[in-house]
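Colleague: got a sequence here, can you model it:
(2 chains)
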Number of protein chains: 2
Amino acid sequence: MDQQLTGWYTERSPMWPGQAFSLQVEESILQKKTKFQKLEIFQSTHYGKVMVLDGAIQFSEKDESSYQEMITFLPLNSHPNPRRVLIIGGGDGGVARETMKHPLVEKVVQCEIDAEVIEACKKYVPSMGCGFDNPKLTLLTGDGSEFLEKTEDKFDVIITDASDPVVAADEGGSETKDGPAVSLFNEDYYTRMKEKLAPGGILCCQGENMWLHASLICRLLKKCKSIFPVVDYAYTCTPTYPSGQIGFILCSKNPETNFKDPITVWGEADADDLPLKYYNADIHRASFVMPSFMRKALKQIE
Amino acid sequence: MDQQLTGWYTERSPMWPGQAFSLQVEESILQKKTKFQKLEIFQSTHYGKVMVLDGAIQFSEKDESSYQEMITFLPLNSHPNPRRVLIIGGGDGGVARETMKHPLVEKVVQCEIDAEVIEACKKYVPSMGCGFDNPKLTLLTGDGSEFLEKTEDKFDVIITDASDPVVAADEGGSETKDGPAVSLFNEDYYTRMKEKLAPGGILCCQGENMWLHASLICRLLKKCKSIFPVVDYAYTCTPTYPSGQIGFILCSKNPETNFKDPITVWGEADADDLPLKYYNADIHRASFVMPSFMRKALKQIE
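Modeller: Numbering: from 1, shown residues only, chains lettered A, B, ... in the order given. All right, here's what the predicted structure looks like:
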């Protein structure tokens, strides 16, 4: 499938063979090769602005809340006092934007590998790029894994908002190559994060799709269990991600952490104030409930 | 978008403009015009066999469990004694197959409008069509709404497994026309179902997608609330349905019914025995938990 439908953007990848998702394009806004990846932004007809990296849709304005709010508040609301937050990746600004909504957060450090993604979102997608406009944020560019090795800071929460470890190597999406996020999917990375978490610290990483990558997910979770006393898996429903869902890997240094039951519970009035489009305490709890096939797969690594 | 990607099946519809989902085709199995609709079955490369009616994907073997099990066991397990079950639509056999797994079910009547869909699934997709091979089943062909008007039987549970009310009128998917299921989406139909429900009876209908059709869903639920004392809304995650989700409208004649808390709870061992790939009691409960945007929409019709 090296073809394109005229007037549409079609996403296909060897990470999800045999299926493709297309969005109708109203206007192309940006197409460039950065130092790290191919970056595209377009105005879609029904999903607002859309950003694509190396052929994989990163967000659409219509449904990004279901991802950005969940990857942020699942860990933040599971921590009693998330004052210092580190964001690895998240170059579109969505996680920074959400993190700043949490009233306990005092200081956010973000390390994104690709400065051109940050600049593009600030310039072309202010609904996302606005996340960078906050005096609590220290924004750095560089490899997240290397930053973790060097930094002497400690964090209460580390959120890794990475693209997939492997990406399409060609237009047709039939060959793979390592993407810029590959270093964020190995065991060393999790060990480094643990070292830079303060006592009781919590991490949350993008965790792929259970219909497509159950065995990859289980392998990652098994590694995490060898490193952290508490490990859990949740998912959210994001229509423009492959197969309409994406998961989250959650780990805590505190053996008492129960990710399934948020410590910070906002009432409905708070949710309206914050404002949140997707996240609430009930959907936090529900996001850990697995269908039977995934529950069975997860049992095998217990 | 009246183009096709060679070797792929692309689904597009005016019901979900600006987005399209494609599956790679290994082999076309059937393409015909029935008396009611365009029927296609193909072998996909990664999703097993796939059936399409009037341009809308009805099931793939890979993920049909997430729909068939949920539309069946949400109502059956909310009823204390679901002995007599009526299935309207469900021509692929999936709901009949699941219904027969419930140990309390004694008698099932099914009324599907299109006999050619039934025959095709029996012949080409035995994993679905096997649902029709059960002595408890009385299988009729005809309009579901008319059947309800005429029948003198009463049922404990009525499940409506219908395609969408409007369908694509042309290959390009830009014009709409009424589909064969249009009569299953109006108020009269719900009133007729109520008349044919035994005391304490429950119904469950395919209820569209909250990202695409929140206002249609709210309108339908509002009508239902004027007819039934208990009405609720749930959803499941089905990757090959538009935007990866589909909802269910649940109504009960019994004011004590709490759909959110199943009466029949199968343990994990039972789930392995039955066997169920998707449904379990926890995901039953979780399927009623709405993201904030939908919770807000539903509040407005309370």
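Colleague: would you map out the domains in chain A?
Modeller: Per automatic domain parsing, the domain ranges recorded for chain A read A:8-60, A:64-299.
Colleague: make JSON lines out of these and add mean neighbour count and mean pLDDT.
Modeller: Glycine gets a C-beta too; all of them are placed from N, C-alpha and C. Shown next, in JSON lines, are the domains of chain A (neighbours: other CB atoms under 10 Å in any protein chain shown; pLDDT from 0 to 100):
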{"stretch": "domain A:8-60", "mean neighbour count": "19", "mean pLDDT": "96"}
{"stretch": "domain A:64-299", "mean neighbour count": "20", "mean pLDDT": "93"}
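Colleague: can you check which of these gets nearest to B:Y235?
Modeller: domain A:64-299 (8.4 Å; CB to CB).
Colleague: ok now that closest one, how far from the chain's centre?
Modeller: On the basis of CA atoms, centre = their mean, to the nearest Å, domain A:64-299 sits 4 Å off its chain's mean C-alpha point.
Colleague: what is the end-to-end distance of it?
Modeller: With CA to CA, to the nearest Å applied, domain A:64-299 spans 31 Å between its terminal residues.
Colleague: do the same with stretch A:230-243
Modeller: 28 Å.
Colleague: list phi and psi for A:K177.
Modeller: Per-residue torsions, A:K177: phi -150, psi 160 (degrees, to the nearest 10).
Colleague: relative to A:I113, how far out is the residue nearest to it when sequence neighbours are not counted?
Modeller: What sits nearest to A:K177 in space, not counting adjacent residues and going by CB to CB, 6 or more residues apart in numbering or on different chains, is A:A169, at 4.0 Å. For A:A169, the distance to A:I113 (CB to CB, to the nearest Å) stands at 18 Å.
Colleague: ok, now which ones touch the closest residue to chain B within chain A?
Modeller: Chain B sits closest to A:G244 of chain A, with a gap of 1.7 Å, by CB to the nearest CB. Neighbouring residues of A:G244 by CB atoms under 8 Å, 6 or more residues apart in numbering or on different chains: A:C237, A:T238, B:C237, B:T238, B:P239, B:S243, B:G244, B:Q245.
Colleague: looking at these, which is nearest B:A120?
Modeller: B:T238 (20.8 Å).
Colleague: farthest pair in the contacts of A:G244?
Modeller: Going by CB to CB, the pair spanning the contacts of A:G244 furthest: A:T238 and B:T238, at 14.3 Å.
Colleague: separation between A:P199 and A:L212?
Modeller: Counting by CB to CB, the gap from A:P199 to A:L212 is 36 Å.
Colleague: for A:T138, list each beta-bridge partner.
Modeller: Following DSSP bridges, A:T138 is listed with bridge partners A:V109.
Colleague: surely it touches A:V109?
Modeller: Yes - using CB atoms under 8 Å, A:T138 is in contact with A:V109, at 4.8 Å.
Colleague: wait, A:Y279 sits on A:F73?
Modeller: Yes - counting by CB under 8 Å, A:F73 is a contact partner of A:Y279 at 4.8 Å.
Colleague: beta-bridge partners for the residue sitting nearest the centre point of chain A, please?
Modeller: Central residue of chain A (CA atoms, centre = their mean): A:D161, 3.3 Å from the mean position. A:D161 forms beta bridges with A:G89, as assigned by DSSP bridges.
Colleague: next, the contact list for it, please.
Modeller: A:I71, A:I87, A:I88, A:G89, A:G90, A:G94, A:V95, A:Q206.
Colleague: next, give me the two most distant ones among those residues.
Modeller: A:I88 and A:G94 (13.7 Å).
Colleague: before we move on, the earlier item: need the contacts of A:G244 in TSV (columns: secondary structure).
Modeller: Shown next, in TSV, are the contacts of A:G244 (DSSP: H, G, I helix; E, B strand; the rest coil):
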residue	secondary structure
A:C237	strand
A:T238	coil
B:C237	strand
B:T238	coil
B:P239	coil
B:S243	helix
B:G244	helix
B:Q245	strand
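Colleague: nearest to B:G142 among the residues you listed?
Modeller: Closest to B:G142 out of the contacts of A:G244 is B:T238 (27.5 Å), distances taken as CB to CB.
Colleague: wouldn't A:K49 be in contact with A:I29 here?
Modeller: Yes - with contacts counted by CB under 8 Å, A:K49 reaches A:I29, the gap being 7.1 Å.
Colleague: overlap of the contact sets of these two?
Modeller: Counting by CB under 8 Å, 6+ apart, the common neighbours of A:K49 and A:I29 are A:I41, A:F42, A:Q43, A:Y124.
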